[in-house]
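# okay, here's the prediction I keep looking at, along with the sequence it came from:
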Amino acid sequence: MNLNCIVVDDEPLALDILQDYISKVPFLTMVKRCENPIEALQIVQGGGIDLVFLDIQMPELTGIQFLKIAGNKCHYILTTAYPQYALESYDLNVSDYLLKPIAFDRFYKAVEKVHNQVKPVEAPASVAQPIVTPAPFSGSPNPVQDYIFVKTEHKIQKIYLHNILFIEGLKDYISIFTKDERVITLQSMKKMEEALPQGQFIRVHKSYIVAVDKIESIERSRITINQKIIPVGDTYRDEFFRVIGNKNI
């Protein structure tokens with residue numbers, strides 16, 4: 001499926017570059033380029049837009065303010081020269097964060113991620129809840145659960161729990177990141193959280209569940225897993241640090 005896009009930036013050169021990049025990607029359709037974020041906001045609120053390339057530093061309305069007003073009507077990729085907004089963007093369900101000057105290969109990687117996120121939503125197949133299957137009974141009254149089955153676009157896939165690094169929620173579907181791959185399944189974070197064994201996995205943000213044993217470091221309210229920075233949300237902070245505190249020596 002094609003993604004209808006608009007580009008919002010107060011710099012004409014940045015608009016030209018992104019328009020050129022969009023023209024090179026077969027599944028992207030350029031609908032409008034906007035120097036005025038107010039005009040762009042009206043277009044997004046009118047519907048029919050799948051993806052917005054959004055600058056942050058604009059005079060009339062910043063990109064962060066734009067996101068808070070527009071809500072989750074479509075996907076957003078932030079395009080900016082300022083890296084300090086990256087952490088805040090996680091809380092606003094931004095699909096990706098591109099730092100200027102933007103190379104085409106990095107641009108393509110970002111839009112391909114959005115395209116892959118959207119494709120399962122369009123799939124006609126019905127969605128099954130993750131099937132949690134325990135390991136074979138070993139004589140213990142509490143057999144250990146060590147894998148789950150999840151429904152992907154064309155098959156039901158087995159995923160071993162010890163391979164899962166973290167899980168990212170994206171609207172009505174989730175991405176399961178393992179040591180070797182990323183698996184996308186139509187599912188809610190709540191259902192997945194209920195399917196996973198407590199103590200082994202913990203919800204740290206409205207958009208993230210992490211494997212406790214895969215956490216490499218914690219700095220303030222940021223977790224590092226496999227070079228990925230994951231924020232700890234205010235709602236989940238106390239429980240997260242309680243669990244981590246119980247494992248301290």
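Arrived safely.
# okay, CA-based contacts and neighbour counts for the rest of this
Fine.
# neighbours of the residue lying closest to M58 once chain neighbours are set aside, how many?
Counting by CA to CA, 6 or more residues apart in numbering, D10 is the residue found nearest to M58 once chain neighbours are left out, at 6.1 Å. Using other CA atoms under 10 Å, D10 has 20 neighbouring residues.
# all helices of this structure, in order?
For the chain, the helices defined by DSSP state H cover 12-23, 37-45, 63-70, 86-90, 104-122, 189-195, 234-246.
# how is this protein partitioned into domains?
The chain breaks down into these domains under the TED database: 3-118, 147-246.
# what's the end-to-end length of the longest one?
End-to-end distance for domain 3-118, by CA to CA, to the nearest Å: 9 Å.
# quick one: mean pLDDT for that domain?
Across domain 3-118, pLDDT averages out at 90.
# for L165, give its distance to S207.
Distance from L165 to S207, counting by CA to CA: 14 Å.
# same deal with E168?
Using CA to CA, we find E168 at a distance of 5 Å from S207.
# cool, and I38?
28 Å.
# more neighbours: the two, which one.
Using other CA under 10 Å as the criterion, I38 and S207 rank with S207 on top: 21 against 13.
# separation between that one and I56?
22 Å.
# with Y108 instead?
The gap separating Y108 from I56 is 20 Å, by CA to CA.
# quick one, which of the two is more surrounded?
Neighbours per residue (other CA under 10 Å) separate Y108 from I56, with I56 holding more: 21 against 15.
# the more buried one and Y76, how far apart?
The spacing between I56 and Y76, counted by CA to CA, is 12 Å.
# equivalent analysis for L51, please.
Note on L51: its distance to Y76, by CA to CA, is 6 Å.
# do T185 as well
For T185, the distance to Y76 - CA to CA - is 20 Å.
# go on, R220?
27 Å.
# which one of these two is surrounded by more residues?
Y76 (24 against 8).
# next, count neighbours for K206.
As a burial measure, K206 scores 19 neighbours (other CA under 10 Å).
# what residues are up against it?
K206 makes contact with G169, M189, G233, according to CA atoms under 8 Å, 6 or more residues apart in numbering.
# quick check: buried residues in stretch 22-30?
I22, L28, T29, M30 (16 or more other CA atoms under 10 Å).
# correction: the previous question concerned stretch 164-184.
For stretch 164-184, a neighbour-count test (16+ other CA under 10 Å) marks 164-170, 173-178, 183-184 as buried.
# in strands only, show me those.
Mapping the buried residues of stretch 164-184 onto strands (DSSP state E) picks out 164-170, 173-178, 183-184.
# re earlier: okay if I get the buried residues of stretch 22-30 as TSV plus distance to V114?
Formatted as TSV, these follow (distance: CA to CA, whole Å):
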residue	distance to V114
I22	13
L28	11
T29	14
M30	15
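# and these, which is closest to K158?
L28 (32.6 Å; CA to CA).
# now for the closest one: which residues touch it?
Counting by CA under 8 Å, 6+ apart, L28 has contacts N2, L3, N4, C5, I22.
# please apply the same query to I43.
By CA under 8 Å, 6+ apart, the contact list for I43 reads I49.
# ditto for I223
Listed by CA under 8 Å, 6+ apart, the contact set of I223 reads I215, E216, S217, I229, I230, P231, V232.
# so the second one touches K228, yeah?
So that's E216. No: contact status for E216 versus K228: not in contact, 10.0 Å apart, counting by CA atoms under 8 Å.
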